[in-house]
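Enquirer: Need coordinates for the below:
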Amino acid sequence: MAKSNDARRNFIKSLGVLGAGMATGCISNHTTEKPYMPSRTPGAKYMGGFSAPPLNMVRCAFIGVGARGITHVRQLAEIEGVEVVAISDLYEDLVKVAEKECRENNSGRHQNIALFHGDHELWRKMLEEVKPDAVFISTPWRWHAPMAIAAMEAGAHAFLEVPLATTVEDIWKIIDTSEKTQKHCMMMENCNYGREELLFLNMCNQGVIGDILHGEAAYIHELRWQMEHENRGTGSWRTYKYAHRNGNLYPTHGLGPVSQYMNLVRTEDNFSRLVSFSSPAIGRKKYAEVNFDENHKWNKLEYKGGDINTSIIKTVLGKTILVQWDETSPRPYSRLNMIQGTKGILAGFPTRVSLEHGVEGITNDHHQWVQGDNLLAIYEKYEHPLYKRLGSLAAKRGGHGGMDFIMRFRIIECLRNGEPLDQNLYEGGFWSAVAPLSEASVSEGGTPQDFPDFTRGDWKKTERLKIIT
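Expert: Now for the predicted structure:
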């Protein structure tokens, strides 16, 4: 009997220890240990607010000129102060199309374009031989980190399609290389330059909605049709990502703007931790069964990535951000784009504004939305100066409603003037880190994951993003 009582007491004691661990969050290493933060390399410098020496002419090279990359070539070739000096892609036909785009824009600046195609490693030869000032990278995600690192080590500024990288380890490698070489590395989040996003940024900076409490961001975009890209194109490689990885794999389009509304990674607040959950993985498997032969490679995949992922981010100051991702479900496009303050709310899709005491001449209080034609008064009062300057030209040039052109124009403008970029190295790192951190949280049943501090504490020194005129 004594032995039985001892066993019972030990069992109850073990439950107490387990309960205490659950209460304090000590079950997961992610909550008891701070994420790995390597020391800054001797001689390396923090890149927040970094300004590179001005370039009168920006000699641009491109790696990857398929669906997204060709649009970078087309618009950048039109911008004053750009010379296209090199184009690299696996496929000769894509390189030839990009070259033709440059020669047909009548600027006279793109006469000696070096062309590289047919090999996975020729982009390295391009960097060595051409020595461009800036490299624009639009390739499958796994190539982002090695290409950006090599570009900076070759003396070029690197500009990447989203995400910056797919692992925390690679984000650190990019950051260390940028700090060591003193070269920009910007993840090109085009959604930060949308008219609605610029409007909300201006209103937040002016304190129109008071103290900011909460944001909601998303990338909800049904893209199952990309699975038709069986051997070449976006779906030929992304389909494997969506099948094998389970988390929020594409967070930055919604999160980038909301992060800048909140002034994160700058001055007073930053990302702290994240929890994440995914729905069952059903939609792509059913889509494959209906649209492809039963022996097709898409029907032989084991689909593990949930159709919908919902993550919640907590900031250092306790603000919250809901981040959703869904490229599978049949539903209208949305990035949510919501920001809540103590004096009102700004929301997107469709664009809506509600302020505590109403909007003069339109609403009397916060129980009604200002939307549709009534938004003209809001735009007249709070239109972002950058959009006032470039909006008409951007609308003519196109690219997701003009946001692409404004982003590209600003990159070149900053490089030519020797000004800090609108999106710094560390912002791209934090926004991209949501993907691997959400995967870890999902795999551990929603356990909180701490964000590494990619700035090594220096985010407090970085000024608020200025209102660009």
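
Enquirer: for the chain, which spans come out with low pLDDT?
Expert: 1-34 (pLDDT under 70).

Enquirer: domains of it?
Expert: Domains of the chain are assigned by automatic domain parsing as 58-187, 192-386+425-461.

Enquirer: Quick one: end-to-end length of the shortest one, please.
Expert: I take that to be domain 58-187. Terminal residues of domain 58-187 lie 18 Å apart, using C-alpha to C-alpha, to the nearest Å.

Enquirer: number of nearby residues for residue 109?
Expert: Residues lying near residue 109 (other C-beta atoms under 10 Å) number 16. The way it works is simple: take the backbone N, C-alpha and C, and place the C-beta from them, glycine included.

Enquirer: hang on, isn't it packed against residue 83?
Expert: Yes - using C-beta atoms under 8 Å, residue 109 is in contact with residue 83, at 4.8 Å.

Enquirer: so what sits against both of the two?
Expert: Shared contacts of residue 109 and residue 83 (C-beta atoms under 8 Å, 6 or more residues apart in numbering): residue 57.

Enquirer: hmm, back to that, and of the domains of the chain, who's closest to residue 393?
Expert: When the domains of the chain are compared by C-beta to C-beta, domain 58-187 sits nearest residue 393, at 10.2 Å.

Enquirer: Do you have the strands of the stretch 101-250 of the chain handy? List them.
Expert: For the stretch 101-250 of the chain, the strands defined by DSSP state E, counting those that start in this stretch occupy 114-117, 134-137, 157-160, 185-187, 212-220.

Enquirer: could I get those strands as JSON lines with mean neighbour count and distance to residue 77?
Expert: Formatted as JSON lines, these follow (neighbours: other C-beta atoms under 10 Å; distance: least, C-beta to C-beta, whole Å):
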{"stretch": "strand 114-117", "mean neighbour count": "18", "distance to residue 77": "15"}
{"stretch": "strand 134-137", "mean neighbour count": "26", "distance to residue 77": "11"}
{"stretch": "strand 157-160", "mean neighbour count": "27", "distance to residue 77": "15"}
{"stretch": "strand 185-187", "mean neighbour count": "26", "distance to residue 77": "19"}
{"stretch": "strand 212-220", "mean neighbour count": "23", "distance to residue 77": "28"}
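
Enquirer: Can you say which of the ones you listed is nearest to residue 44?
Expert: strand 185-187 (13.1 Å).

Enquirer: Run through the neighbouring helices and strands of the closest one.
Expert: For strand 185-187, the packing partners by 3 or more C-beta pairs under 8 Å, 6 or more residues apart in numbering; DSSP states H and E come out as strand 157-160, helix 168-181, helix 425-443.

Enquirer: repeat that for 7 Å
Expert: strand 157-160, helix 425-443 (3 or more C-beta pairs under 7 Å, 6 or more residues apart in numbering; DSSP states H and E).

Enquirer: For the ones you listed, please prepare a markdown table with the additional fields distance to residue 304.
Expert: Shown next, in a markdown table, are the helices and strands packed on strand 185-187 (distance: least, C-beta to C-beta, whole Å):
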| stretch | distance to residue 304 |
| --- | --- |
| strand 157-160 | 26 |
| helix 425-443 | 10 |
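
Enquirer: can you redo the strands of the stretch 101-250 of the chain as a markdown table with distance to residue 147?
Expert: Output for the strands of the stretch 101-250 of the chain, formatted as a markdown table (distance: least, C-beta to C-beta, whole Å):
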| stretch | distance to residue 147 |
| --- | --- |
| strand 114-117 | 13 |
| strand 134-137 | 5 |
| strand 157-160 | 8 |
| strand 185-187 | 11 |
| strand 212-220 | 23 |
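
Enquirer: Of those, which is nearest residue 72?
Expert: Short answer: strand 134-137, nearest of the strands of the stretch 101-250 of the chain by C-beta to C-beta, at 4.9 Å.

Enquirer: mind checking how far the residue lying closest to residue 240 once chain neighbours are set aside is from residue 89?
Expert: Distance criterion C-beta to C-beta, 6 or more residues apart in numbering; nearest residue to residue 240, sequence neighbours excluded, is residue 301 at 7.4 Å. Distance, residue 301 to residue 89, using C-beta to C-beta, to the nearest Å: 27 Å.

Enquirer: try residue 329
Expert: 33 Å.

Enquirer: Compare the two (neighbour count), which wins?
Expert: residue 89 (26 against 14).

Enquirer: Please name the bridge partners of the nearest residue to residue 440 once chain neighbours are set aside.
Expert: Spatial nearest neighbour of residue 440, excluding adjacent residues (C-beta to C-beta, 6+ apart): residue 449 at 5.2 Å. Residue 449 forms beta bridges with residue 274, as assigned by DSSP bridges.

Enquirer: list the contacts for residue 449?
Expert: Residue 449 sits next to 30, 273, 274, 437, 440, 441 when contact means C-beta atoms under 7 Å, 6 or more residues apart in numbering.

Enquirer: the strands in the stretch 251-400 of the chain, which residues?
Expert: 271-278, 309-315, 320-326, 338-341, 344-347, 352-355, 370-371.

Enquirer: quick one: buried residues of the third one?
Expert: Right, the one you point to is strand 320-326. 321, 322, 323, 324, 325, 326 (16 or more other C-beta atoms under 10 Å).

Enquirer: Tabulate the residues you listed (JSON lines), appending distance to residue 202.
Expert: As requested, the buried residues of strand 320-326 are exported to JSON lines (distance: C-beta to C-beta, whole Å):
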{"residue": "321", "distance to residue 202": "20"}
{"residue": "322", "distance to residue 202": "23"}
{"residue": "323", "distance to residue 202": "23"}
{"residue": "324", "distance to residue 202": "25"}
{"residue": "325", "distance to residue 202": "27"}
{"residue": "326", "distance to residue 202": "29"}
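
Enquirer: The nearest residue to residue 115 once chain neighbours are set aside sits in which helix or strand?
Expert: Residue nearest to residue 115 in three dimensions, not counting chain neighbours: residue 95, with 5.2 Å by C-beta to C-beta, 6+ apart. According to DSSP states H and E, residue 95 maps onto helix 92-103.

Enquirer: distance between that helix and the chain's centre?
Expert: A distance of 28 Å separates the centroid of the chain from that of helix 92-103, by C-alpha atoms, centre = their mean, to the nearest Å.

Enquirer: name the helices or strands packed onto that helix?
Expert: By 3+ C-beta pairs under 7 Å, 6+ apart, helix 92-103 packs against helix 69-76, strand 82-89, strand 114-117.

Enquirer: Quickly compare these and say which is most buried.
Expert: strand 82-89 (a mean of 25; mean count of other C-beta atoms under 10 Å).

Enquirer: what residues does that strand touch?
Expert: Under C-beta under 7 Å, 6+ apart, the answer for strand 82-89 is 57-66, 73, 76-77, 95, 98-99, 102, 109-110, 113-117, 122-123, 126, 130, 132, 412.
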